[in-house]
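Visitor: Sequence below, structure please.
(2 chains)
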Protein chains: 2
Amino acid sequence: MAETKTTIAVDAAGGDYAPQEVVKGAIRGGEEYGVNIILVGKKAILHVLAARYLKQDWLTIVEANEVIEFNEHPMRAVVSKPNSSIVVGVNLVKQGVAQAFMSAGHTGAMFGASMMILGKKDGIERPAICAVLDITGSTPVVLIDVGANADCKPHYLVQFAEMGIAFARRVLGVKSPRVALLNIGEEDTKGNRLAQDSFVLLKDSGLNFIGNVEGHDLSKRKADVVVTDGFTGNIVLKTLEGMGDVIQNIRELGNAGTKNVRGRALLHLVGIDSWARRMDYREYGGACLLGVNGNIIIAHGRSRAGAIKNAIGLAKQTVEGKISDTIEEERHE
Amino acid sequence: MAETKTTIAVDAAGGDYAPQEVVKGAIRGGEEYGVNIILVGKKAILHVLAARYLKQDWLTIVEANEVIEFNEHPMRAVVSKPNSSIVVGVNLVKQGVAQAFMSAGHTGAMFGASMMILGKKDGIERPAICAVLDITGSTPVVLIDVGANADCKPHYLVQFAEMGIAFARRVLGVKSPRVALLNIGEEDTKGNRLAQDSFVLLKDSGLNFIGNVEGHDLSKRKADVVVTDGFTGNIVLKTLEGMGDVIQNIRELGNAGTKNVRGRALLHLVGIDSWARRMDYREYGGACLLGVNGNIIIAHGRSRAGAIKNAIGLAKQTVEGKISDTIEEERHE
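Guide: Prediction:
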């Protein structure tokens, strides 16, 4: 294995299309992004699936003969399946063998294993999942939390803001990220109790807080980082994914209905085709679990090879942006 | 005024494009849906704007020389401005002069005036706003609450379900509406505390409760009625509106970029054009405030004539479905 390159461990057993599509995407990611790949899963199967690449110095396989299924209780599964691909993968990060671990498997188990094995960062009470929304293709917005914490206290949202700022700066390259609170009105006093109390804390936080934004502002990049509780954030993210699916269907119908090359060229010309492609959740790649001691990437359960490849790109950016190391220092800048 | 027809009062002073677009839309609505229209606002202006229709027996004007502005505190404004178009309009419903009142003005003031003047229905603790989402054009889903109650208790959501069922049955014509809870996973135990506790109550409610749905299910009509707290519901609704705006922009760019008739015909052929039009919030018309003693329609602040016209269609359906009278009986069927 090439020593100076970033190494990404990939859960070859997690996700709806594992292992075939995950292995394919991981190999593509390794080639495209020039990173070392460790496939974590059942060796016997992975040797067959990755047969053509076994002699590459950037690809290795690590045995994990158990799988955490989608319907399992996350913490119980993590404890009872030490040889599961998720637990083995997170341990590779803990041991420093890999700089990041990516899985399209059980999100709750990823969260649980990361908390148990890597531990929380100093000063972070609740790690959170951060996703990049890019609804128009030129308006990337960091949304945090999108599902780790269904019930939140106001000061959690200040920590989400700090982590989101670190991510926007280090991964997206935004110099002075503007933070906003997702709310049901622009006025300072709007919202449910959590939003009202969080607003006061965010205003006094010393962060670059610009106030409330509403649902329709997510497509406008009014802020670079939008904080919300994990319940609301998860529902927003999935609502957008649902829209993405609808748009894909229309795009496919459009392509099918447009039997000639000229027609397809027109769809391309008017921008619908490329926009629809960008709206596809597969292009987002994945979300980052922030606030644990290590780089953890959570890919969509429905990820096919293209999405896995993109998630590897995100993992590389996260490692190289030193996001995990710098949350603490960003917080006090 | 024709006595046997349904009469809809319209706030001619409310909304971003009032009074011109509201008057235009109200007149179109009166013509298209065969209802009596009462324009509520400053007589002097309305006489000019509606000059050509003043002799029609279905159009009347009622004076209201005050306006509640968007930045006013809702209850204080309702109390201090008895001659505002919103207070006068709600009073027309209270007095039985109109069977419904529609406004694109201050939502909070509409809610406050309705609570104060009409009062809550027996057995309903919290009136709620219900909107119809129709993401694909053939999957109408009733979402309730979309903004009246930012903080909810679990039993409110059961009442939202009951009101949503009445609406789906009486207005959308769904025979046995299926109810679901908007949540962050399908499993029974998912969600924040409110969702978990609401799930238990909904399961025991005797309603046709099919369990949890997620954000991406809103475009699939997995359920006919989806209940949520007003904070989450409002953010979901506005997120979809934001997407709608993006799609409109692309559609307009597409139409502009497609200089020839054949190109536009192609956009039409592949369904993008008509779908984009349906996605436009203006097509939704408006949302209904359910649980007060009267029919109250809340239109989007950005409504132009077409949206106002559609909101009048919704008002007519709401009156004719006897939604306000039948929530109570639906609840115990």
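
Visitor: Pass me the low-pLDDT residue ranges in the stretch 151-300 of chain A, would you?
Guide: Counting by pLDDT under 70, the stretch 151-300 of chain A contains low-confidence ranges at A:250-285.

Visitor: Work out for me the element the residue most central in space within chain A sits within.
Guide: Centroid-nearest residue in chain A, with C-alpha atoms, centre = their mean: residue A:287, separated by 0.8 Å. Element membership for residue A:287, per DSSP states H and E: strand A:286-290.

Visitor: Give me the contact list for that strand.
Guide: A:102, A:104, A:110-111, A:114, A:127-132, A:144, A:146, A:148, A:163-164, A:166-167, A:171, A:295-300, A:303, A:307, A:310-311, A:314-315, A:318, A:323-324, A:327 (C-beta atoms under 8 Å, 6 or more residues apart in numbering or on different chains). The C-beta positions use only the backbone N, C-alpha and C, and glycine is treated the same way.

Visitor: Out of these, list just those in strands.
Guide: Among those, the members found in strands (DSSP state E) are A:102, A:128, A:129, A:130, A:131, A:132, A:144, A:295, A:296, A:297, A:298, A:299.

Visitor: hey, where'd the helices end up in the stretch 51-200 of chain A?
Guide: Under the criterion DSSP state H, counting those that start in this stretch, helices of the stretch 51-200 of chain A are mapped to A:74-80, A:85-94, A:107-113, A:154-170, A:193-203.

Visitor: Can you give me the distance of residue A:18 to chain B?
Guide: Applying C-beta to the nearest C-beta, to the nearest Å, the value for residue A:18 to chain B is 20 Å.

Visitor: Identify the bridge partners of the residue lying closest to the residue nearest to the centre of chain A once chain neighbours are set aside.
Guide: Spatial nearest neighbour of residue A:287, excluding adjacent residues (C-beta to C-beta, 6 or more residues apart in numbering or on different chains): residue A:131 at 4.1 Å. Beta-bridge pairing for residue A:131 (DSSP bridges): residue A:143.

Visitor: Any figure for the gap between residue A:131 and chain B?
Guide: To chain B, residue A:131 is 12 Å away according to C-beta to the nearest C-beta.

Visitor: residues contacting residue A:59?
Guide: A:27, A:30, A:36, A:37, A:39, A:50, A:53.

Visitor: Please repeat the previous calculation with a cut-off of 7 Å.
Guide: By C-beta atoms under 7 Å, 6 or more residues apart in numbering or on different chains, residue A:59 lies in contact with A:30, A:37, A:50, A:53.

Visitor: Over to residue A:195?
Guide: Applying C-beta under 7 Å, 6+ apart to residue A:195 gives the contacts A:181, A:183.

Visitor: what do you get if the cut-off is 10 Å, keeping everything else the same?
Guide: Going by C-beta atoms under 10 Å, 6 or more residues apart in numbering or on different chains, residue A:195 touches A:154, A:157, A:181-185, A:189, A:202, A:212, A:227-229, A:232, B:150-151, B:231, B:235.

Visitor: Also residue A:60?
Guide: Neighbouring residues of residue A:60 by C-beta under 10 Å, 6+ apart: A:1, A:7, A:9, A:36-40, A:46, A:50, A:54, A:97-98.

Visitor: what ranges do the strands span in the stretch 151-300 of chain A?
Guide: A:179-182, A:209-213, A:225-227, A:286-290, A:295-299 (DSSP state E, counting those that start in this stretch).

Visitor: what's the spacing between the longest helix seen in chain A and its chain's center?
Guide: Determined from DSSP state H, the single longest helix within chain A is helix A:230-257. Offset of helix A:230-257 from its chain centre (C-alpha atoms, centre = their mean, to the nearest Å): 17 Å.

Visitor: Kindly report the same for stretch A:143-159.
Guide: Stretch A:143-159 sits 16 Å away from the centroid of its parent chain (C-alpha atoms, centre = their mean).

Visitor: then that stretch to CSV, C-alphas only?
Guide: Output in CSV follows, covering the C-alpha atoms of stretch A:143-159 (Å, rounded to 0.1, in the frame of the first residue of the first chain):
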residue,chain,number,x,y,z
LEU,A,143,-27.2,21.5,6.6
ILE,A,144,-26.5,20.1,10.1
ASP,A,145,-27.9,18.0,11.9
VAL,A,146,-29.7,15.7,9.4
GLY,A,147,-30.4,12.9,11.7
ALA,A,148,-28.1,12.1,14.5
ASN,A,149,-30.1,13.9,17.3
ALA,A,150,-33.8,13.7,17.0
ASP,A,151,-34.3,15.7,20.3
CYS,A,152,-32.0,18.7,20.8
LYS,A,153,-31.2,21.3,23.4
PRO,A,154,-30.5,24.8,22.3
HIS,A,155,-26.7,24.7,23.0
TYR,A,156,-26.4,21.6,20.8
LEU,A,157,-27.3,23.8,17.9
VAL,A,158,-24.5,26.2,18.7
GLN,A,159,-22.1,23.3,18.5
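
Visitor: Could you list the buried residues of that stretch?
Guide: Buried residues in stretch A:143-159, counted by 16 or more other C-beta atoms under 10 Å in any protein chain shown: A:143-150, A:152-154, A:156-159.

Visitor: Show me which of those is closest to chain B.
Guide: residue A:150 (3.9 Å; C-beta to the nearest C-beta).

Visitor: Paired strands for the strand holding residue A:287, with orientation please.
Guide: According to DSSP bridges, strand A:286-290 has the following sheet partners: strand A:128-134 (antiparallel), strand A:295-299 (antiparallel).

Visitor: Might one say that residue A:133 is in contact with residue A:142?
Guide: Yes. Counting by C-beta atoms under 10 Å, residue A:142 is a contact partner of residue A:133 at 7.9 Å.

Visitor: Neighbour count: these two, which is higher?
Guide: A side-by-side neighbour count of residue A:133 and residue A:142, using other C-beta atoms under 10 Å in any protein chain shown, places residue A:142 first with 30 against 20.

Visitor: what sits against the more buried one?
Guide: Neighbouring residues of residue A:142 by C-beta under 10 Å, 6+ apart: A:130-133, A:160-161, A:163-169, A:171-172, A:174, A:177, A:179, A:223-227, A:288, A:290.

Visitor: That one and chain B, how far apart?
Guide: 16 Å.

Visitor: Residue numbers of the stretch 1-150 of chain A in contact with chain B?
Guide: A:70-71, A:73, A:107-108, A:133, A:135-137, A:139, A:146-147, A:149-150 (C-beta under 10 Å from any C-beta of the partner chain).

Visitor: Now pLDDT and distance to residue A:58 too, for those, in JSON lines please.
Guide: Formatted as JSON lines, those follow (pLDDT from 0 to 100; distance: C-beta to C-beta, whole Å):
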{"residue": "A:70", "pLDDT": "85", "distance to residue A:58": "30"}
{"residue": "A:71", "pLDDT": "86", "distance to residue A:58": "35"}
{"residue": "A:73", "pLDDT": "91", "distance to residue A:58": "36"}
{"residue": "A:107", "pLDDT": "92", "distance to residue A:58": "28"}
{"residue": "A:108", "pLDDT": "93", "distance to residue A:58": "31"}
{"residue": "A:133", "pLDDT": "88", "distance to residue A:58": "32"}
{"residue": "A:135", "pLDDT": "76", "distance to residue A:58": "35"}
{"residue": "A:136", "pLDDT": "74", "distance to residue A:58": "35"}
{"residue": "A:137", "pLDDT": "72", "distance to residue A:58": "31"}
{"residue": "A:139", "pLDDT": "76", "distance to residue A:58": "34"}
{"residue": "A:146", "pLDDT": "95", "distance to residue A:58": "31"}
{"residue": "A:147", "pLDDT": "94", "distance to residue A:58": "32"}
{"residue": "A:149", "pLDDT": "96", "distance to residue A:58": "36"}
{"residue": "A:150", "pLDDT": "96", "distance to residue A:58": "39"}
